[in-house]
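[1] How does the following fold in three dimensions:
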Amino acid sequence: MKSLKTYLLTAVMAILMFIPISTLSAAGSWTIIGGPGAQFAYAGNSLYGLSPDKQGVFRYNGTPGSWTKVGGPAKELIRGGPYLCAISPTSGDIYRYTGSGTTWERIGGPGAQFAYGGNTLYGLSPDKQGVFRYNGTPGSWTKVGGPAEKLIGGGPYLCAISPASGDIYRYTGSGTTWERIGGPGVQFAYAGNTLYGLSPDKQGVFRYNGTPGSWTKVGGPAETLIGWGTYLYATSPGSGDIYKYTGADQKWEKAGGPGAYMACGNNLYAADGKGIYSVGQ
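    Numbering: from 1, shown residues only. Predicted coordinates:
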């Protein structure tokens, strides 16, 4: 990823300022911070974006419109950990951004999925028959689990979905020991170190209480859960509006209109195909 062609991320502020931000938000003050991107990801307290043609990775400098190129072509960005990782579009190998200039290092081969549990990176083998933990040294991975349909990252521990039953399991952090903590769900997401699940029929949002099998209903119908931040968000199955869970008994408040959202820390980000916006929560 060092010798990749230069691509300038477009953030034409003069044009983007005319976007009706009110269509995104009915609450809070939204600020446009950049142009469109194929993907945005948060890692190591920094926001990164992948250019629309996936030919460049850029880091947001904290000032609207100011982005610095830190890498070339990438298929996908891996978010949520202490450092940013990206998937090579040619080999499928995973690379880690060193945090300096445009220097990346290859740390592993291809995987069906990669996710963070706490500050540890995990990978699901291409055939989904094994879960592996990255040991911190390029090329060094340890098998910690067997078959999995999907990894659930973003919280203090890694979870995985059973390909047979759809049940959710938590990795204990020891050897290859996992424990079943709940039944199937259409989606699971972390927010504020707490795990939430959306029921298979999308009619209820549930909070995991920390004891296997113990879940509490905290909301009604939802289309999608948005975690990875301090707060849990969910989109309405009817309007597409986004709501924030207040932490009180099944109490939610509207945070914005339809859009593609991402939560990181106390911030909520929205992308509408024309640009990316931020709002403090």
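
[2] can you give me the helices for this structure?
    Ranges of helices within the chain are 13-16, based on DSSP state H.

[3] The residue nearest the centre of it: what's it in contact with?
    Nearest residue to the geometric centre of the chain (CA atoms, centre = their mean): residue 79, 5.4 Å. Residue 79 makes contact with 41-43, 116, 228, according to CB atoms under 8 Å, 6 or more residues apart in numbering. Any C-beta I mention is one placed from the backbone N, CA and C, and that applies to glycine too.

[4] what number of residues lie near the residue lying closest to it once chain neighbours are set aside?
    Spatially, and ignoring its direct neighbours in sequence, residue 79 is nearest to residue 41 (3.5 Å; CB to CB, 6 or more residues apart in numbering). A total of 23 residues lie near residue 41 under the criterion other CB atoms under 10 Å.

[5] partner residues bridging residue 41?
    Residues in a beta bridge with residue 41, per DSSP bridges, are residue 48.

[6] Hmm, it is touching residue 78, no?
    Yes - with contact defined as CB atoms under 8 Å, residue 41 and residue 78 form a contacting pair (7.1 Å).

[7] Can you work out which residues contact both of those two?
    residue 84.

[8] Tell me what residue 198 is bridged to.
    Each beta-bridge partner of residue 198 is listed here, defined by DSSP bridges: residue 187, residue 205.

[9] just residue 96 next, same as before
    According to DSSP bridges, the residues that bridge with residue 96 are residue 85, residue 105.

[10] tell me the contacts of it?
    By CB under 8 Å, 6+ apart, the contact set of residue 96 is 83-85, 104-105, 107, 138.

[11] could you redo the last one with a cut-off of 7 Å?
    Shown here is residue 96, whose contacts under the criterion CB atoms under 7 Å, 6 or more residues apart in numbering are 83, 85, 104-105, 107.

[12] can you put these in TSV and add distance to residue 181, neighbour count and pLDDT?
    Rendered in TSV, the data for those read as follows (distance: CB to CB, whole Å; neighbours: other CB atoms under 10 Å; pLDDT from 0 to 100):
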residue	distance to residue 181	neighbour count	pLDDT
83	28	16	94
85	26	25	98
104	35	23	98
105	34	11	98
107	29	21	98
